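# Sequence first, then the predicted structure:
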Amino acid sequence: MTLSEKPPVLSLSNIVSGYRELTVLKGISFDVAAGAFVTVVGPNGHGKSTLLKTISGLVPLKQGSIGINGSPAPGQPHAIAALGVAHVPQGDMLFPEMSVLENLLMGAYLAPSRAEIDRRLDEVYTLLPKLADRRHQIASSLSGGERRMAGIGRGLMMGGEILLIDEPSLGLAPLVIEQVYGVIAELSRSGRTILLVEENPARVADLADHLHLLDDGEIVWSGPPAELLARDELLATYLGG
Ligand SMILES: Nc1ncnc2c1ncn2[C@@H]1O[C@H](COP(=O)(O)OP(=O)(O)OP(=O)(O)O)[C@@H](O)[C@H]1O
């Protein structure tokens, strides 16, 4: 079965959302198949973070609907997380005075048992061995790249199969961005479904199955990364060349 033939684990239908009287997303529709790597690219301030926050229930829908694994998404963020949707927010959003381990454990607040928490911790430490080395260090003493890895690790501790990852490259040096994307590629290979937002499509050229270009709250183009990168006029119009 090809990716497009697999049933969607995430289905967005005409999503309209925003903040009080401000409407940011103006009717977004697309599906994400099980195991797919889908990226939403676009300039800053045009609604990428709002899209992920709407899916994870942090920003309420004004119109439209969201399906998760074929059923209507519940309204509450914890109920959405319990369905396996893990949100890795923009920036690090760690508790700076807590240790790496304590930050990771905060992600497992819905885990059903201590054994399951330990299983997830083992998995996170295998994927991100630096976090195991630094487990007792307070988060504020980590490097930028390590903090980003800890943020991803905390998302994994939620146990989700659907990862919403918000601009993982933000504020990092090029070499560190490569390392962070290496980890995300590994997560994709492990079978997880990834919906990631990113300003620069070149960063996901070798990773994403499909891109959506978001401009002013609307999807203005969709297709494979190589196609977007070959479209100079789209890059110039929407992404500043
Ligand atoms: N909590 C909020 N309250 C009011 N307006 C907000 C809030 N968060 C974001 N906005 C506004 O919503 C619009 C879209 O912001 P959003 O963060 O979704 O964009 P983005 O594409 O993710 O860009 P960035 O990467 O810079 O966050 C912007 O005009 C922003 O000012």
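That came in fine, so what should we check first? From a predicted model like this one, the values you see are computed outputs, not experimental measurements. Residues are numbered from 1 along each chain as shown.
# Could you give the number of residues near residue 176?
17 (other CB atoms under 10 Å). C-betas here are computed from N, CA, C, even on glycine.
# Touching, it and residue 145? I think so.
Yes - counting by CB atoms under 8 Å, residue 176 does reach residue 145; the two are 3.8 Å apart.
# Now for the most centrally placed residue in the chain, which secondary structure element holds it?
By CA atoms, centre = their mean, the chain has its centre lying nearest to residue 165, at 1.6 Å. Following DSSP states H and E, one finds residue 165 within strand 162-166.
# Report whether that strand contacts the ligand.
No - Strand 162-166 does not reach the ligand (CB under 6 Å from any ligand atom); its nearest approach is 7.2 Å.
# Can you give the distance of the helix or strand just after that strand from its chain's centre?
Downstream of strand 162-166, the first helix or strand assigned by DSSP H and E is helix 174-189. Counting by CA atoms, centre = their mean, to the nearest Å, helix 174-189 is centred 13 Å from the centre of its parent chain.
# Helix 174-189 to strand 162-166, inter-axis angle?
Helix 174-189 and strand 162-166 are oriented at 160 degrees to each other (axes from the mean of the first three to the mean of the last three CA atoms, to 10 degrees).
# Quick check: which helices or strands does the helix or strand following helix 174-189 pack against?
On the C-terminal side of helix 174-189, the closest following helix or strand by DSSP H and E is strand 193-198. Contacts defined by 3 or more CB pairs under 8 Å, 6 or more residues apart in numbering; DSSP states H and E place strand 193-198 against strand 8-19, strand 22-33, strand 37-41, helix 48-55, strand 162-166, helix 174-189.
# where does this structure dip in pLDDT?
1-5, 241 (pLDDT under 70).
# and the strand holding residue 165, what other elements does it pack with?
helix 48-55, strand 85-88, helix 144-157, strand 193-198.
# ok, residues contacting that strand?
Contacts with strand 162-166, where a contact means CB atoms under 8 Å, 6 or more residues apart in numbering, come from 9-10, 32, 48-49, 52, 55-56, 68, 84-90, 152, 155-156, 184, 187, 192-197.
# same thing with stretch 177-187?
So stretch 177-187 is contacted by 127-128, 145, 148-149, 152, 156, 163, 165, 168-169, 172, 194, 196, 203-204, 207 (CB under 8 Å, 6+ apart).
# sorry, back to before: pairing partners for the strand holding residue 165, with directions?
Strand pairing for strand 162-166, determined by DSSP bridges: strand 85-88 (parallel), strand 193-198 (parallel).
# can you put these in TSV and add distance to residue 237 and mean neighbour count?
Formatted as TSV, the strands paired with strand 162-166 follow (distance: least, CB to CB, whole Å; neighbours: other CB atoms under 10 Å):
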stretch	distance to residue 237	mean neighbour count
strand 85-88	29	24
strand 193-198	18	24
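# who wins for proximity to the ligand among the ones you listed?
Closest to the ligand of the strands paired with strand 162-166, according to CB to the nearest ligand atom: strand 193-198, at 6.4 Å.
# if we can go back for a sec, could you dump the helices and strands packed on strand 193-198 to JSON lines with distance to residue 79?
Output for the helices and strands packed on strand 193-198, formatted as JSON lines (distance: least, CB to CB, whole Å):
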{"stretch": "strand 8-19", "distance to residue 79": "15"}
{"stretch": "strand 22-33", "distance to residue 79": "19"}
{"stretch": "strand 37-41", "distance to residue 79": "23"}
{"stretch": "helix 48-55", "distance to residue 79": "13"}
{"stretch": "strand 162-166", "distance to residue 79": "14"}
{"stretch": "helix 174-189", "distance to residue 79": "23"}
